[in-house]
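**Q** A structural model of the following input is requested.
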Amino acid sequence: MSDETQVTTDGTADGTITGHSGELATAVARAHGVETMFTLSGAHVFPLYDGAVKADPPMRLLDVRHEQTAAFAAEATGKLTRVPGLAVLTAGPGVTNGVSAIAQAQFTGAPMVVLGGRAPQNRWGTGSLQELDQPPIIAPVAKLARTLPTAADVAGGMDEAFRLAGSSHRGPVFVDVPMDELFNAATAPVPTGGVVKGAAPDTDALDRIAALLAQAQRPVLVLGTDVWMDGAEVAALSFAERLGVPTLTNGMGRGVLPGGHPLLVTKARGQALGTADLVVVVGTPLDFRLSYGVFGGKDGAPVAQVVHVADSPDQVSGHAELAASVSGDLTSVFDGLAEAYERQPRRSDLTGWLGDLQQTVAAATARDNELLTAEADPIHPARIYGELVPRLADDSVVIGDGGDFVSFAGKFVEPKRPGGWLDPGPYGCLGAGLGAAIAARIARPSAQVTLLLGDGAAGFSLMDVDTLVRHNLPVVMVMGNNSAWGLEKGPMQMLYGYDVAADLASRTPYHDVVKALGGAGEQVTDPKEIGPALDRAYASGVPYMVNVITDVDAAYPRNTFGI
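**A** The predicted structure follows:
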């Protein structure tokens, strides 16, 4: 590295930093807490690699086999650590290959920064390799998408990107830098990091919501991803327990109330939301997963009143009929609501309501046990969870990448801790699993990491088992292999009486693909062998697939197709 591009500071409190653009960008990323750069090699972004290698200490470079995996790994890093993940993608197809992960981050509020390569500015308009104006493509699915046109813009632009990505409401930010300017040097202030959390909530709104809670006879609390992302999981648990209110969780809100908690009524979800008179939804949109914000009306119950709580004003529902709403720092919201609730002169006794839901939970648990222990041939997918759930550690990170098979996971897996569940979210994107598994193994090096794969979803990213192997990242992959696109096969048969484009090759030995890439694995066709196979997988210390052949006709019983 030449003297003129060496990263230096002048030692003063408000010092400056000098280096080429790759070094400046790396320094800014590190100031914001980034420890890993996810990428796939491309000449347009070589200076970023030089910046990572020559940083003190060096930044981890994690190279993958498909850019989508790098971007999904950055997205999952943002979810798991609540620090923006960083993906560096080469120009043109490198950037466009990452668009689905950027969109998923936008849907789930995951903080991430994607730095794209860009054709050189001094050749722009002449048709150089992969010349494409990328920000207009990314802008609809990001908080911000812009070009940093010169080396002098890189440090400030990257600092803005990380601050915006990590501030409420969180999400993805994209920047690209012309190739020639990435090699150029500049001087900038020493980066300091930092983000902006949500504002203090309106106290009048908190009082209105507290009054509704105090009057409600059958309230339900729903906790979503932003409860975790906003660092409000402790306050949320305390709030639920102080009120004694039945609670449901979704997304990364799963685990805020640990599995088995007496207030957690997941297995009575239909009764809870269908007969509630008040539903308070915190940190998740009122989308198809939550009946678009329409609750109650079941078994003669009136339509429920709805309260929506978000980390920022733009996340409050604009389509649902709300009895009240509030936005702001979610810890402050929970604490303020609890105090306002306790000031209410009268508060309903929720003991009977909770008891009814707990009875439903107990009955559902007994019914589920029949599926979880089923001896059916071919294997019922629920039997996999009957063997898996008892083997999941309290610190386990469980990743879902699939349709029908992962739907069963949502029913049977109840995390013991928050921040350990990753699923496709409302964007419903397949192929995120390998990237998320890579991120989880790095972010939680001592945790148990389990990737649940449908055989369809595996086709999007299984080649990145090679990445797990090369970087020594042991992950247990559990596949429900029904040789079909199960989420589509059943509905198409229901609509038309037949299905097309829904079958995959029968009993494909995907575990042999994992072996060929340097991992290990086995196929299971006997339900009694699922447990021993999982034990071997967790003890192996290598990327290991348990490929379970399941019954294509044992579909998940769903109430919505997402429309």
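
**Q** what's the pLDDT at the nearest residue to residue 203 once chain neighbours are set aside?
**A** With Cβ to Cβ, 6 or more residues apart in numbering as the measure, residue 336 is the residue that lies nearest to residue 203, at 6.8 Å, once sequence neighbours are left out. Yep, even glycine has a C-beta here, placed from its N, CA and C like the rest. In the prediction, the pLDDT value recorded for residue 336 is 97.

**Q** hang on, residue 336 packs against residue 206?
**A** Yes: the pair formed by residue 336 and residue 206 meets the contact definition of Cβ atoms under 8 Å, at 4.6 Å.

**Q** quick one: stretch 392-402 to chain centroid distance?
**A** The chain centroid and the centroid of stretch 392-402 are separated by 12 Å under Cα atoms, centre = their mean, to the nearest Å.

**Q** what residues are up against residue 330?
**A** Going by Cβ atoms under 8 Å, 6 or more residues apart in numbering, residue 330 touches 198, 226, 227, 230, 231, 232, 235, 236, 282, 283, 309, 311.

**Q** ok, the second one touching residue 311?
**A** Yes: counting by Cβ under 8 Å, residue 226 sits close enough to residue 311 to count as a contact (5.0 Å).

**Q** any residues in contact with both of the two?
**A** Taking Cβ under 8 Å, 6+ apart as the contact rule, residue 226 and residue 311 both touch 109, 169, 283, 330.

**Q** now the first one, nearest residue through space, not along the chain?
**A** Distances taken as Cβ to Cβ, 6+ apart put residue 170 closest to residue 109, at 4.8 Å, once the chain neighbours are dropped.

**Q** Am I right that that neighbour is in contact with residue 113?
**A** No: with contacts defined as Cβ under 8 Å, residue 170 does not count as touching residue 113, sitting 11.3 Å away.

**Q** What spatial separation is found between residue 404 and residue 485?
**A** Going from residue 404 to residue 485 by Cβ to Cβ, to the nearest Å gives 9 Å.

**Q** farthest pair in the contacts of residue 330?
**A** Among the contacts of residue 330, the pair separated by the greatest distance (Cβ to Cβ) is 231 and 309, at 15.1 Å.

**Q** Just want to know which of these two has more residues nearby.
**A** In this view residue 231 and residue 309 are compared by other Cβ atoms under 10 Å, and residue 309 has more residues nearby, 30 against 13.

**Q** Over to that one. Which of the three states is it?
**A** Reducing the assignment to helix, strand or coil with DSSP: H, G, I helix; E, B strand; the rest coil, the entry for residue 309 is strand.

**Q** Now render the shared contacts of residue 226 and residue 311 as a markdown table, adding secondary structure and pLDDT.
**A** As requested, these are exported to a markdown table (DSSP: H, G, I helix; E, B strand; the rest coil; pLDDT from 0 to 100):
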| residue | secondary structure | pLDDT |
| --- | --- | --- |
| 109 | coil | 96 |
| 169 | coil | 95 |
| 283 | coil | 97 |
| 330 | helix | 97 |
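
**Q** what's the closest of those residues to residue 416?
**A** Among these, residue 283 lies closest to residue 416 (Cβ to Cβ), at 19.8 Å.

**Q** That closest one: neighbouring residues, count only.
**A** By the measure other Cβ under 10 Å, the count of residues near residue 283 is 30.

**Q** residues contacting it?
**A** By Cβ under 8 Å, 6+ apart, the contact list for residue 283 reads 223-230, 232, 253, 309-311, 330.

**Q** can you check residue 422 too?
**A** When contacts are taken as Cβ under 8 Å, 6+ apart, residue 422 is in contact with 76, 79, 80, 252, 397, 398, 399, 400, 432, 436, 440.

**Q** Tell me where the model's unsure across the chain.
**A** Across the chain, the stretches falling below the confidence threshold (pLDDT under 70) are 1-14, 558-563.
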